[in-house]
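Participant: kindly return the folded structure for what I paste below:
(one chain, ligands or ions: 1)
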Amino acid sequence: MTLRTKLAVIAVFSGLSLWAVNYGVNNLSMAPPTKPEWEIMPLEELAAGSVTVRFTGSTTLLFDDGATSWMTDGWFSRPTFIEIITERVEPDLAAIDRGLKANEVDKLDAVIPLHSHYDHAMDAPEVARRTGAKLYGSESTANIARGWGLDEGRIEVFINKKPIDVGDFIITPIESNHFQFADPEIAKTALDLPAIDSPLVPPGPITSYRVGKTYVLHVEHPQGSFVIVGSAGFIEGGLLGFKADVLFLGVGSLGEQSVEYRQRYWEETVGRLEPSTVIPIHYDSLLGEPRGPVRGHSALYGVMSGADNLNVLPYLDENLSRSESVASIATLPRFIEVEVLPAMKTR
Ligand SMILES: [Zn+2]
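Facilitator: Numbering: from 1, shown residues only. Take a look at the predicted model:
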């Protein structure tokens, strides 16, 4: 075989392997840690004045009370495995377009990344630009917006526990901890150097989207209250004094942590807030564009970190059956509007 033929064979073979790896990582997913009977069924007709939610995936949620609408994260791009390893991660404008259309939204009052990792904050400035929303978050999130060229007047940095009014929604950002990765190497790259201290211009490595501050959002509305915990971390006593009717509970990566950590997380969230309904979020794949049924994490991620450990279904099941406050657990269908706080609630 001539050198040229050998090189051609290697090139074709490595191209095919890269494609196979990319395909495998993107498409071979584990089952999501949910039960079919948990899924909220959309009502035929939504009562005027009720607060509704639409779920894209991860922790991107769209809330609407008929007069005001706002979104957490607004993350629609799903960088491929190849883009991640070649450090060319950036917002996918076509995916953002499709994501907003699937949510049937072209105008938003606010977009709020829960922290500044790429899977939360990367697309938010473009979502704000397209929908006229104001972008709220940490200084790091503000620097992602500045790097994208969003007007300074549209960016507001949160002050811990200082509520903002978005229509009838009173949203209180509460500083918390990010999920603590069990793997020390991942913990170091994901959580060290915690701030983005100058405008961030993509494309770049996912590690350039540093965590910044992590917020839990407490939301008060005339129809009731809810809390969003995007990342499965906590500060002991951090939610003391807060209550909520509904809790959106981030369970991403929780399966890789110790039983003790997981139980403390439950106590510091569900235990403190005493919600009647728990809605798990951030349990789905971070790869592959969000469409169709919600998929679990990539099987390759499962193999690398021990698939059994990643299954948080028994954790949710056991804690729910023991909980005195929680009456129901619910999971959200993708993109379909469902009621989260019914109108006419007697308080
Ligand atoms: Zn994160």
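
Participant: look up phi and psi at residue 57.
Facilitator: phi 150, psi 170 (degrees, to the nearest 10).

Participant: tell me how many other residues crowd the closest residue to it other than its chain neighbours.
Facilitator: Closest residue to residue 57 apart from its sequence neighbours, by Cβ to Cβ, 6 or more residues apart in numbering: residue 290 at 4.0 Å. Bear in mind the C-beta positions are built from the backbone N, C-alpha and C, glycine included. By other Cβ atoms under 10 Å, 24 other residues sit near residue 290.

Participant: residue 290 belongs to a helix, doesn't it?
Facilitator: No. Counting by DSSP: H, G, I helix; E, B strand; the rest coil, residue 290 is not part of a helix but coil.

Participant: what separates it from residue 90, distance-wise?
Facilitator: 17 Å (Cβ to Cβ, to the nearest Å).

Participant: returning to that earlier point: please tell me how far the residue nearest to residue 57 sits from residue 190.
Facilitator: Residue 290 is 22 Å from residue 190, by Cβ to Cβ.

Participant: then residue 99?
Facilitator: With Cβ to Cβ as the criterion, residue 99 and residue 190 are 24 Å apart.

Participant: with neighbour numbers in mind, choose between those two.
Facilitator: Taking other Cβ under 10 Å, residue 99 and residue 190 do not tie; residue 99 has more neighbours (25 against 21).

Participant: and that one, what does it touch?
Facilitator: 56, 60, 74, 76, 290 (Cβ atoms under 8 Å, 6 or more residues apart in numbering).

Participant: could I get the full set of helices for this protein?
Facilitator: 3-27, 81-85, 93-102, 118-121, 124-131, 139-148, 184-191, 259-266, 272-273, 299-305, 307-310, 313-322 (DSSP state H).

Participant: ok, the contacts of residue 99 vs residue 116, which is closest?
Facilitator: Nearest to residue 116 out of the contacts of residue 99 is residue 74 (Cβ to Cβ; 13.3 Å).

Participant: now that closest one: closest residue in space that isn't a chain neighbour?
Facilitator: In space, residue 74 is closest to residue 127, 3.6 Å off (Cβ to Cβ, 6+ apart).

Participant: might you list the low-confidence residue ranges for the stretch 201-347 of the chain?
Facilitator: Confidence mapping of the stretch 201-347 of the chain against pLDDT under 70 gives the ranges 298-310, 344-347.

Participant: pLDDT score assigned to residue 13?
Facilitator: Note for residue 13: predicted pLDDT of 60.

Participant: oops, could you answer that again for residue 10 instead?
Facilitator: 64.

Participant: contact partners for residue 278?
Facilitator: Contacts of residue 278 (Cβ under 8 Å, 6+ apart): 246-247, 249, 270, 316, 320, 326, 328-330.

Participant: cutoff 6 Å now
Facilitator: 247, 249, 326, 329 (Cβ atoms under 6 Å, 6 or more residues apart in numbering).

Participant: how near is it to residue 314?
Facilitator: In terms of Cβ to Cβ, residue 278 sits 15 Å off from residue 314.

Participant: cool, residue 139 as well?
Facilitator: As for residue 139, its distance to residue 314 is 39 Å (criterion: Cβ to Cβ).

Participant: which of the two has more neighbours?
Facilitator: Under the criterion of other Cβ under 10 Å, the comparison of residue 139 against residue 314 puts residue 139 first, with 15 against 10.

Participant: leaving out chain neighbours, which residue sits closest to that one?
Facilitator: Using Cβ to Cβ, 6+ apart, the nearest residue to residue 139 is residue 157, at 5.5 Å.

Participant: that neighbour contacts residue 141, doesn't it?
Facilitator: No. Between residue 157 and residue 141 no contact is recorded; they are 8.0 Å apart, counting by Cβ atoms under 6 Å.

Participant: more neighbours: these two, which one.
Facilitator: A count of neighbours by other Cβ under 10 Å puts residue 141 above the other of residue 157 and residue 141, at 30 against 14.

Participant: ok, residue 230 touching residue 60?
Facilitator: No. The criterion here is Cβ under 6 Å, and residue 230 misses it with residue 60 at 9.7 Å.

Participant: partners of residue 64 in the sheet?
Facilitator: Residue 64 forms beta bridges with residue 52, residue 69, as assigned by DSSP bridges.

Participant: pLDDT score assigned to it?
Facilitator: 97.

Participant: distance of it from residue 255?
Facilitator: Distance of residue 64 to residue 255, computed by Cβ to Cβ: 32 Å.

Participant: what's the answer for residue 337, then?
Facilitator: Taking Cβ to Cβ, one finds residue 337 at 30 Å from residue 255.

Participant: who has more neighbours, those two?
Facilitator: Using other Cβ under 10 Å as the criterion, residue 337 and residue 255 rank with residue 255 on top: 24 against 17.

Participant: verify the stated contact: that one with residue 312.
Facilitator: Yes. Residue 255 is in contact with residue 312 according to Cβ under 6 Å; the separation is 4.8 Å.

Participant: mind checking how far the closest residue to residue 253 other than its chain neighbours is from residue 127?
Facilitator: In this structure, residue 253 finds its nearest non-sequential neighbour in residue 179, 5.5 Å apart by Cβ to Cβ, 6+ apart. Distance of residue 179 to residue 127, computed by Cβ to Cβ: 24 Å.
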